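Compute the structure for the input listed below.
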Amino acid sequence: MTEPNVLSRQIVLSERAILLIGLAAGAVLRIVQIATSIGSVDAYFWTRHVEFVEKFGVLGAYHVSRVINHPPFALGIALVTKRLGALIGLQLYDSFRILQGVADVVTALALLALARRLGRDDGVWIALVFFLSPAVIFISAFHCNSDPLMVMFIVLAILAVVDQRPILAGVLIGAACGIKIIAFPVLPLLLFGFRGWKARVQFLVTAVVVGALIFVPPVVVSGWVAIRNIFLYTGWRGAWGIPLVIDIIGFAFPRIVPDDPGGLVTPLLILAILTLWSVEAWRALKREDMDSTRLLHVSGLAFLIVLFLAPGFGIQYLLWLLPYLAFMFRRKAVLILHGVISIFVFWLYTSWAREWPWLYADGGHNSPWVGMFGLVVWVAIGWAVVTSSRALYRNAPVA
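Alright, predicted model coming up:
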């Protein structure tokens, strides 16, 4: 008869083996994808961004091109990545995607650590359902943008909050905002995850200082141009959600739809995020601690709301919510959401590239059927917003 401690050790070793096999498989899939493709049109844009940064400097590049919409921290990382990759003969679109794959590994391990902090016994599943998700692999290993890096910093910041390390959390969320400003909606939610006002003040001051170090220099050097490029960028207009529905209605009733449907959606998005912040702030003032499970749930809900009410869109934006799904829903719902998002991502890239396997997806060909399936994905995200909100605020069971 096997002793309990021996059986426990065997189970742990088995989980470790599954984790290592899953990480190795996901890494191989990413390497193959990177080695056999160039990426989406963002590969071209990032290459141009870094060329401008090399010629005019990180802070001066915003004057050269309006499409340089990334914060200076992201541009600096891309520049370093290009120079390191060049040492072994890699193009930026290869080395930059390798960096995003490494970020996926760190995110998966951080999700495993978070699951263990919560006392869950399915941490390996949580890590691998993210890391092996086709949507995650497609976006990090093909698309060629910095979203996986931002996601990594946010998940690490949440882990630091769970461990009650306010200064580290402030640095990490500041770095996340320095990759993409869409990380900002999570920042106030992390504030409420700390126990006691001392830790909250330390976190907030650190995040503000890091944010100032990142964003003040480009505003001083490039002024309104930097503000416009970084803070007023909304993504691909009319290709998703409510703006797309309004545009479809506009074909039949052109006189009743606005010229800029995104202008209607933006106030709704701001109001929804402010409402989420206010409710969690009210709970914090009532001394109701935001436990780790709630922090992960409410962070995921923030990105669900952003995606559902987004005035603009980029296919890589769907990555933002994927790390949190396993903490918000039951396995069946998690797999369904990963599945429909993965199908949408695959179909869109195939439409853009006009072939599969993909070499380069220029974004110039958009099948209307892909757009219609995108509405199905958007409806699924709307369902997730309603279901997760109900579970969070009415103590109802998750789907």
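
Check the spacing between residue 212 and residue 57 real quick.
For residue 212, the distance to residue 57 equals 19 Å [Cβ to Cβ, to the nearest Å]. Every residue, glycine included, has its C-beta placed from N, CA and C.

Could you do residue 349 as well?
33 Å.

who's more crowded, these two?
Neighbour tally, residue 349 and residue 57, criterion other Cβ atoms under 10 Å: the higher count belongs to residue 349, 22 against 13.

Next up, the contacts around the closest residue to residue 239 other than its chain neighbours.
The shortest distance from residue 239 to any non-neighbouring residue, by Cβ to Cβ, 6 or more residues apart in numbering, is to residue 313 (4.8 Å). Contacts of residue 313 were listed using Cβ atoms under 8 Å, 6 or more residues apart in numbering, and they are 235-236, 239-241.

Backbone dihedrals for residue 313, please?
phi -150, psi 150 (degrees, to the nearest 10).

per-residue confidence at it?
Looking at residue 313, its pLDDT stands at 90.

hey, what's it bridged with?
residue 236 (DSSP bridges).

Now do it against residue 245, distance only.
Look at residue 313 and residue 245: by Cβ to Cβ, they are 13 Å apart.

ditto for residue 67
Per Cβ to Cβ, residue 67 is found 27 Å from residue 245.

For this protein, which residues score under the pLDDT cut-off?
In the predicted model, the chain carries pLDDT under 70 at residues 1-13, 238, 250-263, 287-289, 395-399.

Nearest residue to the residue most central in space within the chain in space, please, no chain neighbours.
Relative to the mean C-alpha position of the chain, the nearest C-alpha, by Cα atoms, centre = their mean, is the one of residue 320, at 2.4 Å. Leaving aside its sequence neighbours, residue 320 sits nearest to residue 303 (Cβ to Cβ, 6+ apart; 4.5 Å).

ditto for residue 217
residue 59 (5.6 Å).

Now name the helix or strand holding the nearest residue in space to residue 155 that is not next to it in sequence.
Closest residue to residue 155 apart from its sequence neighbours, by Cβ to Cβ, 6+ apart: residue 110 at 4.6 Å. Counting by DSSP states H and E, the element that carries residue 110 is helix 92-117.

Check residue 217 too.
helix 197-222.

roughly how far apart are residue 228 and residue 110?
The separation that residue 228 has from residue 110, given Cβ to Cβ, amounts to 34 Å.

more neighbours, those two?
Just comparing residue 228 and residue 110: by other Cβ under 10 Å the higher neighbour count belongs to residue 110, 23 against 14.

thought the more buried one was touching residue 153?
No. Here residue 110 lies out of contact with residue 153, judged by Cβ atoms under 8 Å, at a distance of 10.0 Å.
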